[in-house]
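Q: here is the input, now give the coordinates:
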Amino acid sequence: MTAMQDPTTPPLRLLLVEDDLVSRSFLQAVLESLPAQVDWAATAHEAQALAATHEHALWLIDVNLPDGRGSDLLASLRRRAADTPALAHTADLSPVLATQLRADGFADVLVKPLGRQALLDAVRTALPAARQASENLPTWDEQRALSALNGQQSHIKALRDLFMGELPSVRNAISQAMASEDAGQLRQQLHRLQASCGFVGAARLGAAAAQLQQQPHNHHARNNLNQAIQQLLGQ
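A: Presented below is the predicted three-dimensional model:
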């Protein structure tokens with residue numbers, strides 16, 4: 001426990017699935033520094049047993065396990081807890097594999113070996129508890145927009161006009177992807193929206209898009225996105 005942690009709040013509980021002893025030791029030590037309690041499994045079978053016993057805030061799953069594929073394990077775990085975010089980790093640098101893993105439902109893909117800070121940053125991004133609630137963010141973040149556009153105020157106005165003009169069609173595309181349960185299309189639309197929000201400083205909507213991208217089946221995340229869009233369009 002660190003000095004900053006509230007002693008009345010239980011630590012995060014994470015599930016780490018990794019069969020290599022050296023990789024597991026490194027990953028576990030870094031994760032425990034969050035601080036977090038880390039349950040470790042070497043196989044998909046062990047991971048399923050731990051998930052049946054404990055509730056985890058995040059799953060970190062090796063892509064290749066002695067008894068199966070990481071994506072198959074994630075699909076199995078999702079049937080028990082549909083909204084839990086997951087990170088994949090692998091030594092494979094293939095961008096094709098990374099794209100497939102994201103399509104399979106992983107929030108991000110960590111390539112081993114990776115540094116301590118890279119791991120912590122990925123975990124904090126994936127964890128809902130580590131992200132500021134989107135409803136508490138300002139509609140427009142002027143400082144972020146100025147930083148993204150090198151202080152060019154005129155560029156901000158021009159981009160925001162373009163952004164607002166396209167927002168209704170973006171909302172419709174996201175709604176259609178959710179209605180048809182097209183995970184790939186939904187992820188693509190949310191990724192584009194999140195990037196656009198960063199350029200124009202649409203802080204609340206950007207955070208809501210990121211949250212839904214991580215948890216596409218979470219009804220609260222869907223409502224947050226709809227409310228953030230409506231707030232902008234209603235101005």
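Q: what lies in contact with stretch 34-41?
A: Stretch 34-41 is contacted by residues 1-2, 5, 11-18, 24, 28, 31-32, 47, 49-50, 54, 56-57, 120, 123 when judged by C-beta atoms under 8 Å, 6 or more residues apart in numbering. To be clear about C-beta, it is placed using only N, CA and C from the backbone, and glycine gets the same treatment.
Q: now list the buried members of those residues.
A: Neighbour-count burial (16 or more other C-beta atoms under 10 Å) is assigned, among the contacts of stretch 34-41, to 12, 14-18, 24, 28, 31, 47, 50, 56-57, 123.
Q: from those, which single one is nearest Asn218?
A: Lowest distance from Asn218 to the buried ones among the contacts of stretch 34-41 (C-beta to C-beta) belongs to Ala57, with 13.7 Å.
Q: excluding chain neighbours, what is closest to that closest one?
A: Leu12 (4.9 Å; C-beta to C-beta, 6 or more residues apart in numbering).
Q: contacting residues around the one you found?
A: Contacts of Leu12 by C-beta under 8 Å, 6+ apart are 34-37, 57-58, 127, 129.
Q: least confident of these?
A: Among the contacts of Leu12, Ala129 carries the lowest pLDDT, at 44.
Q: helices or strands up against the lowest-mean-pLDDT helix or strand in the chain?
A: Every helix and strand in the chain was compared by mean pLDDT, DSSP states H and E; the lowest is helix 142-148, with a mean of 78. Packing partners of helix 142-148 (3 or more C-beta pairs under 8 Å, 6 or more residues apart in numbering; DSSP states H and E): helix 153-179, helix 183-200.
Q: could you chop this structure up by domain?
A: 12-130, 134-233 (automatic domain parsing).
Q: check what pLDDT Cys197 gets.
A: pLDDT recorded at Cys197 is 90.
Q: so it sits against Ala209, correct?
A: Yes: the pair Cys197 / Ala209 is scored as a contact, 6.4 Å apart, by C-beta atoms under 8 Å.
Q: and the two? Which one has more around it.
A: Ala209 (29 against 24; other C-beta atoms under 10 Å).
Q: next up, phi/psi of the more buried one, please.
A: In terms of degrees, to the nearest 10, the main-chain angles of Ala209 are phi -60, psi -40.
Q: my read: it touches Asn224, true?
A: No: counting by C-beta under 8 Å, Ala209 does not reach Asn224; the two are 9.3 Å apart.
Q: buried among the contacts of Leu12? Make that a ChimeraX selection.
A: Here is the ChimeraX command that selects only those of those that count as buried (16+ other C-beta under 10 Å):
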select :34,36,57,58,127
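Q: got the contacts of Leu12 as JSON lines, with secondary structure columns?
A: Shown next, in JSON lines, are the contacts of Leu12 (DSSP: H, G, I helix; E, B strand; the rest coil):
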{"residue": "Leu34", "secondary structure": "coil"}
{"residue": "Pro35", "secondary structure": "coil"}
{"residue": "Ala36", "secondary structure": "strand"}
{"residue": "Gln37", "secondary structure": "strand"}
{"residue": "Ala57", "secondary structure": "coil"}
{"residue": "Leu58", "secondary structure": "strand"}
{"residue": "Leu127", "secondary structure": "coil"}
{"residue": "Ala129", "secondary structure": "helix"}
